[in-house]
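> A predicted structure for the sequence below; I have some questions about it.
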Amino acid sequence: MVVATDVDALRDEVARAHVVVPVGGRTHWEVGGPPPTGDNAVLVHAPGGVVTYDPADLTVTVGAGMRCGELARLLAAEGQECALDPFDADATVGGLLATGLSGHRRLRHGPLRDRVLEVRFVTADGRLVKGGGPTVKNVTGFDLPRLLVGSFGTIGVLMQVTLRCQPLAATAAWFATDADPFSVRAALYRPSCIAWDGSRTRVLLEGVDADVDAEVTAMAGPCEPAAAPARPAGAHRGRISVRPSALRSLAPALDAAGVRWSAEVGVGTVHVAADAEAGLAQARRAAVDAGGWLLREAGAPGLDGFGAGMPNARLSARVRAAFDPEGKLSPGRLPPEPVRG
């Protein structure tokens with residue numbers, strides 16, 4: 001594996017290679033399509049570390065190879081955070097952005113792409129390209145930072161990113177209730193997460209003490225302090241994306257599939273896990289029937305990473321062809337352009 005201690009050396013390596021596979025912490029290695037293998041696949045790893053950090057500006061610039069846990073500790077020492085919310089602290093910043101998996105606080109803080117202000121990445125032909133800027137008002141042109149989020153390394157090798165930070169909340173607490181999750185959503189102002197598994201609703205509230213207390217009072221039905229919900233466990237896991245309004249009708253179909261699940265109410269994300277691959281396949285059918293799709297996150301080697309339901313597959317393929325005409329960056333991680341019927 002080529003580690004980019006010297007950016008120019010990595011640019012040369014990428015330009016010469018026939019297949020390039022960016023590698024982070026391998027915490028998301030099974031997400032989507034399988035990474036390319038073989039003797040002609042060159043694995044590259046971006047540098048880590050802090051480039052610049054000015055707490056007064058609420059921005060931090062880091063090497064894409066920096067671990068998310070390390071970044072969180074750095075920012076917390078200044079009373080700040082960047083709402084990346086990885087499920088594994090060993091994930092690298094670049095790897096998390098490349099897979100585009102927003103964390104459990106998306107309901108309050110928005111999608112993962114909203115955290116990214118500037119990127120520097122190496123293209124398939126070895127150019128170092130900068131997109132975006134540390135101050136939004138000075139940025140013109142195409143929004144390359146958002147384009148890189150969720151690209152699975154197929155557009156370029158992320159080298160450096162500038163992220164938007166925010167003050168740490170004075171209070172962050174989980175509560176559990178038996179109330180209807182959709183009624184809870186309607187009753188609250190800005191909850192950070194509403195997680196529902198079909199029987200129990202858990203709510204994450206953040207802010208100053210008085211605001212959290214007011215939200216608890218406004219909640220539909222009695223509640224009690226609780227631990228954060230665990231992600232559904234199983235050998236075969238996936239993430240469903242549907243319209244938030246489809247969650248209520250999707251729940252019985254997931255129960256019928258025999259999978260364990262946890263839905264993010266107000267967002268439309270459902271985390272699912274199964275003991276057998278067939279269960280995850282059935283969950284995918286339920287997602288498609290509900291107008292959504294399922295992304296494979298782990299296990300299920302016989303299940304296509306994205307399935308036929310990825311809504312922007314044709315546009316994604318056109319963008320990748322424009323940046324990487326030879327298709328040498330992470331081939332197979334994202335689905336090809338669908339065949340026209």
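Sure thing, it's come through.

> Surely residue 134 touches residue 120?
No. Assessed by Cβ atoms under 8 Å, residue 134 is found out of contact with residue 120, at 11.9 Å. Glycine gets a C-beta too; all of them are placed from N, C-alpha and C.

> The two: who's more crowded?
Taking other Cβ atoms under 10 Å, residue 134 and residue 120 do not tie; residue 120 has more neighbours (23 against 17).

> got a list of what that one touches?
By Cβ atoms under 8 Å, 6 or more residues apart in numbering, the contact set of residue 120 is 128, 129, 130, 131, 158, 159, 160, 161.

> Show me those residues that map onto strands.
128, 129, 130, 131, 158, 159, 160, 161 (DSSP state E).

> Buried only: go through those for me.
Buried residues within those, counting neighbours by 16 or more other Cβ atoms under 10 Å: 128, 131, 158, 159, 160, 161.

> Relative to residue 301, which of those is nearest.
Nearest to residue 301 among those: residue 158, at 26.9 Å, using Cβ to Cβ.

> With residue 17 as the reference, measure out to the closest one.
Relative to residue 17, residue 158 is positioned 16 Å away (Cβ to Cβ, to the nearest Å).

> what pLDDT does the residue nearest the centre of the chain get?
The chain has residue 101 as the residue nearest its centroid, 1.2 Å off, counting by Cα atoms, centre = their mean. If you check residue 101, the pLDDT there is 93.

> show me the residues around it that make contact.
Residue 101 makes contacts with 28, 31, 87, 112, 239, as judged by Cβ under 8 Å, 6+ apart.

> The third one: which element?
Counting by DSSP states H and E, no helix or strand carries residue 87.

> Not counting sequence-adjacent ones, nearest residue to it?
Residue nearest to residue 87 in three dimensions, not counting chain neighbours: residue 231, with 6.3 Å by Cβ to Cβ, 6 or more residues apart in numbering.

> Could you tell me how many residues sit around that neighbour?
Number of residues near residue 231 (other Cβ under 10 Å) recorded here: 17.

> where does it land in three-state SS?
coil (DSSP: H, G, I helix; E, B strand; the rest coil).

> Per-residue pLDDT of it, please?
Reading off the model, residue 231 has pLDDT 92.

> give me phi/psi at it?
Taking degrees, to the nearest 10, you get phi -70, psi 140 for the backbone angles of residue 231.

> And the strands in the stretch 151-300 of the chain?
All strands of the stretch 151-300 of the chain, identified by DSSP state E, counting those that start in this stretch, fall at 157-164, 166-167, 171-177, 193-196, 201-207, 223-226, 236-241, 260-264, 269-274, 293-298.

> who's in contact with the nearest residue to residue 28 once chain neighbours are set aside?
Leaving aside its chain neighbours, residue 28 sits nearest to residue 99 (4.5 Å; criterion: Cβ to Cβ, 6+ apart). Applying Cβ under 8 Å, 6+ apart, we find residue 99 in contact with 28, 31, 32, 150, 152.

> Can I have the buried ones of those residues as a PyMOL selection?
Only the buried entries of the contacts of residue 99 go into this PyMOL selection, using 16+ other Cβ under 10 Å:
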select buried, resi 28+31+32+150+152
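
> now the contacts of residue 99 as TSV including distance to residue 197?
Shown next, in TSV, are the contacts of residue 99 (distance: Cβ to Cβ, whole Å):
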residue	distance to residue 197
28	23
31	22
32	25
150	26
152	29
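
> Can you give the domain ranges for this structure?
Domain segmentation of the chain under automatic domain parsing yields 2-167, 171-226, 236-298.

> Worst mean pLDDT among those?
Ranked by mean pLDDT, the domains of the chain bottom out at domain 2-167, with a mean of 91.

> what about the strands in the stretch 1-150 of the chain?
2-3, 19-22, 41-45, 50-54, 59-63, 80-81, 116-122, 128-132.
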